[in-house]
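K.L.:
Only the shape, not the letters, is given here:
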């Protein structure tokens with residue numbers, strides 16, 4: 001029996017699906033609902049801070065907004081393509097990866113994804129705690145470490161409950177809360193903009209080389225790199241979209257759900273930062289409100305919940321994808337408990353939390369080579385079609401349960417990405433990046449090397465089988 005035996009009109013059904021293909025009877029999500037899921041995950045305070053990075057690096061306001069807007073066109077378009085994989089197959093992202101990596105070979109990216117998602121839950125919750133306490137203080141509610149733990153427990157409890165209940169609860173939560181959040185954010189934008197006198201063309205980068213460095217680092221942080229960072233999650237949710245929905249509607253709803261809030265909030269952060277006050281963009285926004293601290297508080301608390309319910313849910317799917325035989329909700333509970341322990345450590349040691357956050361951002365470099373391999377395998381080698389039942393056999397890849405071409409391409413792609421990466425942690429500052437004035441083209445170098453090499457290694461062995469493959473209808 002599957003999860004949506006209860007009609008959505010009667011109540012939100014419990015999602016008992018694991019990583020098996022979602023049957024048509026359970027695929028009742030609409031493209032519009034997918035839009036709200038991804039908008040909710042990205043209308044968060046962290047994007048204000050990342051948006052201000054361009055101005056901090058020395059770009060002018062107009063240059064920063066241009067880079068963010070154009071870069072996200074690429075990153076979000078790739079994200080839309082990945083959502084097509086889930087819609088066409090009804091399968092989650094880590095299992096789809098078996099087509100390229102083999103059933104056992106896909107265990108490696110599955111483990112990485114599972115560990116990262118647990119870490120992000122702790123990081124995302126920790127990031128907003130001080131801001132929440134500042135808003136509570138504005139409302140006359142004061143406290144120290146005990147209040148911070150209480151707020152953290154409330155946020156963690158809410159997001160864990162939704163993730164335990166599964167996709168249908170996540171969809172319903174985003175459907176009803178995100179439109180209200182967007183309205184609050186629109187009001188915040190207007191009020192915050194009225195408080196600032198921006199400097200549109202002032203730039204502190206002295207040379208063309210310095211500007212190029214700033215552009216590459218901004219593209220990696222909140223331009224192309226932002227959409228890429230969400231790729232391992234995409235099919236986990238688009239697999240629930242109705243089978244009769246058009247591919248075009250799935251692509252545009254997911255791509256725009258990522259693009260609109262990311263560019264909007266990042267541009268706002270850059271706008272506020274350009275005033276030269278030196279304040280954190282989120283502080284500048286909240287200081288514009290006065291008596292409206294309550295809706296701002298709801299917005300700030302909504303951010304980590306909307307993001308982390310996706311982290312917790314995808315974490316459980318990643319664990320199931322590597323072969324663990326435990327109910328999804330139990331794995332979600334375990335992930336939530338681990339993330340809670342991580343958060344408790346962060347609350348006690350902010351310096352360690354900040355260092356961990358920097359490390360997490362730096363190791364996202366694995367995604368671009370992994371994603372390039374999946375793009376080449378799905379859309380080039382297999383021409384957009386896959387025989388779903390092979391994903392659950394030992395011969396999911398034509399190269400066997402462990403695909404050496406895919407793993408070799410991933411390894412060399414990681415080396416290429418690291419070589420041109422300029423991360424916040426010294427170990428993640430590659431030799432090419434340092435030699436070329438700290439530029440960061442890690443996403444490009446890793447993707448080109450891994451994707452190009454995988455194509456060369458597989459084209460002669462997979463072109464003929466690819467013509468015979470067809471999408472299994474569930």
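P.N.:
Thanks, I have the structure now. The model shown is predicted, which means the values in this text are computed figures rather than measured ones. Residues are numbered from 1 along each chain as shown.

K.L.:
Please list all residues in contact with the residue nearest to residue 185 when sequence neighbours are not counted.
P.N.:
Excluding the flanking residues, the one nearest residue 185 by C-beta to C-beta, 6 or more residues apart in numbering is residue 43, at 5.9 Å. Using the backbone N, CA and C atoms, a C-beta is placed for each residue, glycine as well. By C-beta atoms under 8 Å, 6 or more residues apart in numbering, the residues touching residue 43 are 178, 181-182, 185, 261, 264-265, 302-303, 306.

K.L.:
got it, and residue 235?
P.N.:
By C-beta under 8 Å, 6+ apart, the contact list for residue 235 reads 82-83, 85-87, 89, 91-93, 96.

K.L.:
Check it and give its pLDDT.
P.N.:
The model reports residue 235 with a pLDDT of 97.

K.L.:
Could you do residue 395 as well?
P.N.:
67.

K.L.:
for residue 374, same thing?
P.N.:
pLDDT at residue 374 comes out at 97.

K.L.:
swap in residue 360?
P.N.:
Residue 360 carries a pLDDT value of 68.

K.L.:
does residue 211 count as helix, strand or coil?
P.N.:
Three-state call for residue 211 (DSSP: H, G, I helix; E, B strand; the rest coil): helix.

K.L.:
dump the residue contacts of it.
P.N.:
So residue 211 contacts 58-59, 63, 203, 205 (C-beta under 8 Å, 6+ apart).

K.L.:
go again using 7 Å as the cut-off
P.N.:
Neighbouring residues of residue 211 by C-beta atoms under 7 Å, 6 or more residues apart in numbering: 58-59, 205.

K.L.:
Tell me how many other residues crowd residue 227.
P.N.:
26 (other C-beta atoms under 10 Å).

K.L.:
So what does the residue nearest to residue 185 look like in phi/psi?
P.N.:
The phi/psi pair for residue 43 (degrees, to the nearest 10) reads phi -90, psi 70.

K.L.:
right, and residue 256 touches residue 32 too?
P.N.:
No - assessed by C-beta atoms under 7 Å, residue 256 is found out of contact with residue 32, at 10.7 Å.

K.L.:
Looking at the two, which has the bigger crowd around it?
P.N.:
residue 256 (17 against 12).

K.L.:
what helix or strand is that one on?
P.N.:
Assessed by DSSP states H and E, residue 256 sits inside helix 247-273.

K.L.:
Mean confidence (pLDDT) on that helix, please.
P.N.:
Helix 247-273 comes out at a mean pLDDT of 94.

K.L.:
Can you name every helix or strand that that helix contacts?
P.N.:
helix 31-42, helix 46-51, helix 53-57, helix 61-89, helix 167-194, helix 281-286 (3 or more C-beta pairs under 7 Å, 6 or more residues apart in numbering; DSSP states H and E).

K.L.:
So for residue 392, which of these sits nearest?
P.N.:
Among the helices and strands packed on helix 247-273, the nearest to residue 392 by C-beta to C-beta is helix 61-89 (11.5 Å).

K.L.:
thinking again about what came up before, highest neighbour count among the contacts of residue 211?
P.N.:
The residue in the contacts of residue 211 with the most neighbours, by other C-beta under 10 Å, is residue 59 (26 neighbours).

K.L.:
The nearest residue to that residue once chain neighbours are set aside: neighbour count?
P.N.:
Closest residue to residue 59 apart from its sequence neighbours, by C-beta to C-beta, 6+ apart: residue 214 at 5.0 Å. Residues lying near residue 214 (other C-beta under 10 Å) number 25.

K.L.:
who's in contact with residue 214?
P.N.:
Residue 214 touches 54, 57-59, 205, counting by C-beta under 7 Å, 6+ apart.

K.L.:
Then residue 308?
P.N.:
So residue 308 contacts 121, 124-125, 159 (C-beta under 7 Å, 6+ apart).

K.L.:
The helix holding residue 256: how far from the chain's middle?
P.N.:
13 Å (C-alpha atoms, centre = their mean, to the nearest Å).

K.L.:
Give me the average confidence score over stretch 70-79.
P.N.:
Average pLDDT, stretch 70-79: 96.

K.L.:
which residues are in contact with it?
P.N.:
Taking C-beta under 7 Å, 6+ apart as the rule, stretch 70-79 contacts 219, 223-228, 230-231, 234, 254-255, 258-259, 262-263.

K.L.:
Find the residue ranges of the chain scoring beneath the pLDDT cut-off.
P.N.:
1-11, 276-293, 352-354, 356-357, 359-360, 395-396, 460-474 (pLDDT under 70).

K.L.:
what about the helices and strands packed on helix 247-273, which gets the closest to residue 210?
P.N.:
helix 53-57 (8.5 Å).

K.L.:
Output the contacting helices and strands for the closest one.
P.N.:
Checked by 3+ C-beta pairs under 7 Å, 6+ apart, helix 53-57 has helix 61-89, helix 208-222, helix 247-273 packed alongside it.

K.L.:
Just put the ones you listed in TSV and tack on distance to residue 433.
P.N.:
Supplementary listing: the helices and strands packed on helix 53-57 in TSV, determined by distance: least, C-beta to C-beta, whole Å:
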stretch	distance to residue 433
helix 61-89	18
helix 208-222	9
helix 247-273	23
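
K.L.:
Could I get the full set of helices for the stretch 351-474 of the chain?
P.N.:
367-375, 404-419, 431-435, 442-468 (DSSP state H, counting those that start in this stretch).

K.L.:
Return the most buried member of these.
P.N.:
Mean neighbour count (mean count of other C-beta atoms under 10 Å) peaks for helix 367-375 among the helices of the stretch 351-474 of the chain, with a mean of 27.
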